[in-house]
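Q: predicted model follows, preceded by the sequence.
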Amino acid sequence: MTDIRNSTAIAIGGFDGMHIGHQQLFRALDEKSTIVVIETGYANLTPKRERESFSHYPLLYLELNEIRHLNGEEFIAFLKDKFPKLQKIVVGYDFHFGKDRKYSFNNLKELFDNEVVVVNEVTLHGDSVHSHKIRAKLQIGDIVGANAFLGHNYTIKGTLVSGQGIGKKELVATINLEAKEYLMPKEGVYVTLTRIDDEEHFHPSVSFVGHRITTDGSFALESHILDGEVICKERATISFVSFIRENRKFDSLDELKKAIHKDIATASKELKFLQL
Ligand SMILES: Cc1cc2nc3c(=O)[nH]c(=O)nc-3n(C[C@H](O)[C@H](O)[C@H](O)COP(=O)(O)O)c2cc1C
Ligand SMILES: Nc1ncnc2c1ncn2[C@@H]1O[C@H](COP(=O)(O)OP(=O)(O)OP(=O)(O)O)[C@@H](O)[C@H]1O
């Protein structure tokens, strides 16, 4: 196992989402490097240890409370203590630290006796890429925009829960999931890819996020697999591709069923197109 104390380079930040701005920092790292994650408690794009899925570098998690009181010198001393061989610190153009976020990369450059790499602002179509903007896009159902900022599909890992049991009998079979730590995209129906338990591949799927206002009104995150029957034992991963439509209250289960079949047709068409 890699001993992070041997790291010669580190990148520092919150890194929720591991988006294309964050990835630009990782490109400046060396072979023996660590990503230093400052945990604010708000990470909900890649909660807990999910950031690890998006980089091959080891991650060290620091609680914001552990470091927020440090001044510039103390912060550098803290880092040198964790990384005795440190030669390079990589941060972004808007990185701030310390009490009231009063220190910037300029202070790092003054105080660190080795290299400080400051990555320029990463933008997409003129728009600066940030985790809070990705959250805002997901909240309006702009999956395509969120995915472009992320550089990968927005992905939720959930644990299996039981549904109402109506799906399979009267509508279509779905895998119902619980994923409390994640930001839920806007309520509605999505083209998705779903991975079951520890399978290696993702199945084409259509997913519903929201309150089942046509039936029991409770919140659900559920996925219907398009390429055949599957058995899910414990967990599944939903990768969001695009938004199909808003959540709706239908007057009957029959009408909901018709709408679901239309959603299935839309998702099949889009995913087939993607597979070409
Ligand atoms: C593709 C798809 C679209 C859905 N759209 C809606 C909807 O617009 N409104 C709604 O109330 N429920 C919608 N649902 C959720 C159904 O109400 C839910 O699957 C049904 O209540 C069965 O739930 P169960 O799996 O817990 O048995 C949708 C489900 C799927 C799979
Ligand atoms: N668009 C970007 N271009 C260059 N560097 C970035 C960009 N976004 C973040 N960084 C850098 O990546 C590190 C992690 O930043 P942080 O976790 O605050 O990301 P963020 O996307 O700005 O989050 P938030 O939207 O919550 O402020 C910091 O060093 C930061 O300066």
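A: Sure, I can see it. Residues are numbered from 1 along each chain as shown. Ligands and ions are numbered 1, 2, ... in the order given.
Q: alpha carbons only for contacts and neighbour counts from here, please
A: Will do.
Q: ligand 1 contacts on this protein?
A: Within the chain, the positions near ligand 1 by C-alpha under 6 Å from any ligand atom are 163-167, 174, 189, 206-208, 212-215, 223-224, 247-249, 260, 263.
Q: same thing but at 5 Å, please
A: Residues of the chain that fall close to ligand 1, judged by C-alpha under 5 Å from any ligand atom: G163, Q164, G165, I166, G167, F208, R212, I213, T214, N247, R248, I260.
Q: closest to ligand 2 out of those?
A: Nearest to ligand 2 among these, counting by C-alpha to the nearest ligand atom, is F208 at 26.7 Å.
Q: that closest one contacts Y190, doesn't it?
A: Yes - at 6.4 Å, F208 counts as touching Y190 under the criterion of C-alpha atoms under 8 Å.
Q: quick one: least confident of the residues of the chain next to ligand 1?
A: The lowest pLDDT within the residues of the chain next to ligand 1 belongs to G167, which sits at 71.
Q: tell me the pLDDT at the closest residue in space to that one that isn't next to it in sequence?
A: With C-alpha to C-alpha, 6 or more residues apart in numbering as the criterion, G167 has its nearest non-adjacent residue at 5.2 Å, and that residue is A173. As predicted, A173 sits at a pLDDT of 94.
Q: by residue count, what's the longest strand in the protein?
A: Across the chain, the longest stretch assigned as strand under DSSP state E is strand 235-246.
Q: walk me through which strands it pairs with, and which way each runs.
A: The pairing partners recorded for strand 235-246 under DSSP bridges are strand 155-161 (antiparallel), strand 188-196 (antiparallel).
Q: average pLDDT for the first one?
A: Confidence for strand 155-161, expressed as mean pLDDT, is 98.
Q: got the residues of this structure near ligand 2?
A: Taking C-alpha under 5 Å from any ligand atom as the measure of proximity, the chain contacts ligand 2 at 13-15, 21-22, 91-95, 121-122, 129-132.
Q: Q139: which of those residues is nearest?
A: Distances from Q139 to the residues of the chain next to ligand 2, taken as C-alpha to C-alpha, are shortest for H132 (10.6 Å).
Q: okay, the closest one and ligand 1: tell me how far apart.
A: Separation of H132 from ligand 1 (C-alpha to the nearest ligand atom, to the nearest Å): 27 Å.
Q: kindly report the same for H96.
A: In terms of C-alpha to the nearest ligand atom, H96 sits 43 Å off from ligand 1.
Q: ditto for Q23
A: Summarising the geometry, the distance separating Q23 from ligand 1, computed by C-alpha to the nearest ligand atom, is 33 Å.
Q: and D127, by the same measure?
A: 32 Å.
Q: who does that residue bridge with?
A: Beta-bridge pairing of D127 under DSSP bridges involves L124.
Q: excluding chain neighbours, what is closest to the residue nearest in space to the middle of the chain?
A: Nearest to the mean C-alpha position of the chain, counting by C-alpha atoms, centre = their mean, stands L45 at 3.3 Å. Closest residue in space to L45, ignoring its immediate chain neighbours: G17 at 5.0 Å, by C-alpha to C-alpha, 6+ apart.
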